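Trainee: give me a 3D structure for the following:
(chains A and B)
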Amino acid sequence: MTATAQKPKAAANGTASRTTRLLADPRLPVLVTAALFLAMYGGGLSRYTNYGFGEPQVFLNLFIDNGYLLVAAIGATFVILSGGIDLSVGSVIGFTTMFTAWLVERQGLPLVLVVPIALGVGAFGGFLMGYVIHNFEIQPFIVTLAGLFLFRGLCLVISKESISVSDPSVDTLAQTRVPLGLGELSIGALVALAVLAVAYYVLHHTRFGRRVYAIGGNEQSALLMGLPMGGTKIAVYTVSGFCSALAGLLFMLYIQSGDPLHAVGMELDAIAAVVIGGTLLTGGSGYVVGTLFGVLVLGLIKSLITFEGTLSSWWTKIATGVLLCAFILIQRTMTGRKKT
Amino acid sequence: MTTTSRLRALTRHHLFWPVAVLIGLLLVNVPFTPDFFSVKMTDGHLYGSLVSIVLFGSPLILVAVGMTLVIATGGIDLSVGAVVAITGALTCSYISDQADQSALSAVFLAMGIGLVAAVVCGLWNGFLVARMGIQPIIATLIIMVAGRGVAQLITDGQIITINSEPYKLIGGGYWLTLPFSIFVVAVVVAATMLLTRRTALGLLVESVGGNAEASRLVGIRSARIKIMVYVFCALCAGIAGLMISSNTSAADGNNAGLWIELDAILAVVIGGTALTGGRFSIGGTVLGALVIQTLTTTIYTIGVPTQTNLVFKAAVVIAVCLLQSPKFREKVFGRKTRRKVTVPAQPVAPVEPAPKTEVSR
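Mentor: You can find the predicted model right below:
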């Protein structure tokens, strides 16, 4: 809703000062996030140079350690751009790790078969949620909350204990490192980057992408324009489900086990990454590149805390919360102080 | 004639379905544990399944009551779980620092500190929602994320255990043969009902939820009302946090109150408060919370593996939401009256408190 305030504002800005125009620029938050990332990276460089922070591999490790989060956050970007929200991300990831671990280890299915099954289940879950949200006009929040319970529950139904994966094909996939000029990337990181590229193309260069923005901007107008609302909405949740399942697979590769407690609360990390990346939570404005920076910033917080050594892991949560708060306030000033 | 009309009036009462579901769930237990309803007197304390349902359900009831008011203003508070953790952590860490952990003054002071922290969280949420105009889901997400970190910071990542008799009373003690927490819940619920239904406060809350802008224009300070409900919700969560940490005599920054926000929202929805705001029912919420706790207990007693608990809950959420959706009812039940909405009896089926929601629509 608030995003609608932004367009007329930008249009009426011919005479307004440059600062207002700058504030209304939808690219601003992405730039702020990118600048923040660079500043944090620079800070890390100056502080921990002696500990090898300057190695290019440290930067590439951000992708290796956060590839799954990037994929999940990209899925969440689609949903949030369309004005919805998906709380089931973490559960779907947890479920996928468990499901694949179970299929590979306990049922002895080859990985080639398991991957499409897992992706299909995730996408189907997303489709169901989208279907319910669109056709029965129930708030996305509540429907995906049910999805959260359902997938976490299914995960526990499969097994209460964690299943570690020792399948040789999974092992080799997880261990493979693809050398790049300055360092190396894991398969998971490469997949995540590929997903990013596809998402970028879909969001900015296809009709479907335009529709996602249009629906997020103003559902009513999109409907009046004759856009296929239902199809788009359901597709958005399907994409999110698919991305979550893919993120689950990457997470399984990264951690090589299935556990009912994997990725608890990761939907919050994903949403936080999207928000920090400058996507308006009300929908209709934002960039998938911003999400990349959001994930990188979150990842950098983690590695800075590791490098610092004396800080405990919970500082990650606090720092994430503070950043989240700051970016929400930035969004607020951008879209103007409209009463909700 | 009169009996049918009376029956119809009964089924239309907004608390009919929650009560029916609760009774149905309680009856399900009888074949499995024949003495389910018996309440025994041991050592001057009352014991029994019913007592323990209320005892274990009391933190949830408290949180859900606070959540009801927030939802009635059209908001939502995701931070209650984190507030539960923060309050428990602060209180326990203060008590554990004392030389005499059973000193009454120290315990009261510790509880005061914990509750003040909860109120501060509530003020912050209210400020973001009412003054800054940020969507409630997002505004409260901040504390939900950061709050657990803060709680772990307070407890230093450890589980702080304490040994304090007076503090044990709130969550695990007995008074007048009943668990003390039941009294706390009763007082809070009664006070909330009095304040909202015997004064204009409830009306104001509902009008803000119905249309915040319109109510501001008629002269209701809607921002102030909103801040108030978030503070109240956080306070309830704080008391629940005291109970949870007192029951286990320990503060766990990571796991205390985990998922309680989701259970609380579910309780509110089962109780017939629509998520769109504008109407609320405290009684319904209390019943909703009891339904959830009974569901959990039932799953234990009838021997269903506990891990299916979440799947059941998911089914309940979906069923409740679908039945609340006017579109779904229209599609599935056509133009029939809502009284035909009787879904075959299943563990999940009884949860159709929904039909009464058109009252609140």
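Trainee: now the end-to-end length of stretch B:148-167.
Mentor: End-to-end span of stretch B:148-167 (C-alpha to C-alpha, to the nearest Å): 23 Å.
Trainee: touching chain A at all, it?
Mentor: Yes. Applying C-beta under 8 Å from any C-beta of the partner chain, one finds stretch B:148-167 touching chain A at B:148-150, B:152-153, B:156-157. In short, each C-beta sits where N, CA and C put it, glycine included.
Trainee: could you list the buried residues of that stretch?
Mentor: For stretch B:148-167, a neighbour-count test (16 or more other C-beta atoms under 10 Å in any protein chain shown) marks B:148-155, B:160, B:162, B:164, B:166-167 as buried.
Trainee: from those, which single one is nearest residue B:125?
Mentor: residue B:150 (14.2 Å; C-beta to C-beta).
Trainee: that closest one touches residue B:86, doesn't it?
Mentor: Yes. Contact criterion C-beta atoms under 8 Å: residue B:150 and residue B:86 qualify, at 5.8 Å.
Trainee: what about residue B:152, distance to residue A:198?
Mentor: 37 Å (C-beta to C-beta, to the nearest Å).
Trainee: count residues in the vicinity of the residue in chain A positioned nearest to chain B, would you?
Mentor: Closest approach between chain A and chain B, counting by C-beta to the nearest C-beta: residue A:321, at 2.3 Å. Residue A:321: 23 surrounding residues under other C-beta atoms under 10 Å in any protein chain shown.
Trainee: where's the closest residue to it other than its chain neighbours, which helix or strand?
Mentor: The shortest distance from residue A:321 to any non-neighbouring residue, by C-beta to C-beta, 6 or more residues apart in numbering or on different chains, is to residue B:146 (2.3 Å). Here residue B:146 is covered by helix B:136-155, with elements defined by DSSP states H and E.
Trainee: show me the shaky parts of the chain.
Mentor: Since no chain was named, I'll use chain A. Where chain A drops to pLDDT under 70, the residues are A:1-24, A:335-340.
Trainee: not what I meant, chain B
Mentor: Flagging of chain B using pLDDT under 70 yields the residue ranges B:1-3, B:10-12, B:44, B:306, B:324, B:334-361.
Trainee: and the strands in it?
Mentor: B:40-42, B:45-47, B:159-161, B:174-175, B:178-179, B:250-252 (DSSP state E).
Trainee: who does the fifth one pair up with?
Mentor: This means strand B:178-179. In the sheet, strand B:178-179 lines up against strand B:174-175 (antiparallel) (DSSP bridges).
Trainee: center of chain B - which residue?
Mentor: With distances taken as C-alpha atoms, centre = their mean, residue B:64 lies nearest the centre of chain B, 1.9 Å away.
Trainee: from residue A:91, how far off is it?
Mentor: Distance from residue B:64 to residue A:91, by C-beta to C-beta: 22 Å.
Trainee: where is the longest helix in chain B?
Mentor: helix B:222-248 (DSSP state H).
Trainee: what is the strand or helix carrying residue A:65 packed up against?
Mentor: Assigning secondary structure by DSSP H and E places residue A:65 in helix A:56-81. On a contact count with 3 or more C-beta pairs under 8 Å, 6 or more residues apart in numbering or on different chains; DSSP states H and E, helix A:56-81 meets helix A:89-101, strand A:183-186, helix A:187-205, helix A:207-217, helix A:229-255, helix A:266-276, helix A:288-308.
Trainee: most packed of the ones you listed?
Mentor: helix A:89-101 (a mean of 30; mean count of other C-beta atoms under 10 Å in any protein chain shown).
Trainee: residues of the stretch 151-300 of chain B that sit close to chain A?
Mentor: B:152-153, B:156-157, B:212-213, B:216, B:253, B:262, B:265, B:269, B:275.
Trainee: and with 6 Å instead?
Mentor: Contacts of the stretch 151-300 of chain B with chain A, taken as C-beta under 6 Å from any C-beta of the partner chain, map to B:152-153, B:157, B:275.
Trainee: which of those sit farthest apart?
Mentor: The distance between the two most remote of those (C-beta to C-beta) is 35.5 Å, for B:157 and B:275.
Trainee: for residue 287, give me its contacts.
Mentor: Since no chain was named, I'll use chain A. By C-beta atoms under 6 Å, 6 or more residues apart in numbering or on different chains, the contact set of residue A:287 is residue A:30.
Trainee: not what I meant, chain B
Mentor: Contacts for residue B:287 (C-beta under 6 Å, 6+ apart) come out as B:18, B:22, B:271.
Trainee: got a list of what the closest residue to the second one other than its chain neighbours touches?
Mentor: Distances taken as C-beta to C-beta, 6+ apart put residue B:291 closest to residue B:22, at 5.2 Å, once the chain neighbours are dropped. Under the criterion of C-beta under 6 Å, 6+ apart, the neighbours of residue B:291 are B:21-22, B:270.
Trainee: quick one: residue B:291 and chain A, what's the gap?
Mentor: From residue B:291 across to chain A, the span is 15 Å (C-beta to the nearest C-beta, to the nearest Å).
Trainee: go on, residue B:174?
Mentor: 34 Å.
Trainee: how many neighbours does the closest residue in space to that residue that isn't next to it in sequence have?
Mentor: With C-beta to C-beta, 6+ apart as the criterion, residue B:174 has its nearest non-adjacent residue at 4.7 Å, and that residue is residue B:45. Look at residue B:45: counted by other C-beta under 10 Å, it has 15 neighbours.
Trainee: who does residue B:45 form a beta bridge with?
Mentor: Judged by DSSP bridges, the bridge partners of residue B:45 are residue B:42.
Trainee: what's the burial count for the closest residue in space to residue B:210 that isn't next to it in sequence?
Mentor: In this structure, residue B:210 finds its nearest non-sequential neighbour in residue B:278, 3.9 Å apart by C-beta to C-beta, 6+ apart. When neighbours are defined as other C-beta under 10 Å, residue B:278 has 19 of them.
Trainee: ok and the residue in the stretch 51-200 of chain B nearest chain A?
Mentor: residue B:146 (2.3 Å).
Trainee: how far away is that residue from residue B:136?
Mentor: For residue B:146 relative to residue B:136 (C-beta to C-beta), the value is 16 Å.
Trainee: contacts for stretch B:20-38, please.
Mentor: B:48-49, B:287, B:290-291, B:294, B:298, B:301-302, B:350-351.
Trainee: and those, which is closest to residue B:202?
Mentor: The nearest member of the contacts of stretch B:20-38 to residue B:202, counting by C-beta to C-beta, is residue B:287 at 17.8 Å.
Trainee: show me what from the stretch 1-150 of chain A comes close to chain B.
Mentor: Residues of the stretch 1-150 of chain A that fall close to chain B, judged by C-beta under 6 Å from any C-beta: A:136-139, A:142, A:146, A:149-150.
Trainee: closest to residue B:191 out of those?
Mentor: The closest of the residues of the stretch 1-150 of chain A next to chain B, once distances to residue B:191 are taken by C-beta to C-beta, is residue A:142, at 28.8 Å.
Trainee: so the closest one touches residue B:318, yeah?
Mentor: No. Applying C-beta atoms under 6 Å as the test, residue A:142 and residue B:318 come out as separate, 9.2 Å apart.
Trainee: any shared contact partners between the two?
Mentor: The contact lists of residue A:142 and residue B:318 share no entry, where a contact means C-beta under 6 Å, 6+ apart.
Trainee: surely residue A:114 touches residue A:103?
Mentor: Yes. Counting by C-beta under 6 Å, residue A:103 is a contact partner of residue A:114 at 4.7 Å.
Trainee: what's the neighbour count on residue B:86?
Mentor: 34.
Trainee: which ones are touching it?
Mentor: B:117, B:147, B:150-151.
Trainee: and residue A:130, by the same measure?
Mentor: Counted by C-beta under 6 Å, 6+ apart, residue A:130 has contacts A:233-234, A:237-238.
Trainee: pull out the buried positions in whatever helix or strand it lives in.
Mentor: Per DSSP H and E, residue A:130 falls inside helix A:111-136. If you call a residue buried by 16+ other C-beta under 10 Å, then helix A:111-136 has these buried ones: A:111, A:114-115, A:118-119, A:121-123, A:125-134, A:136.
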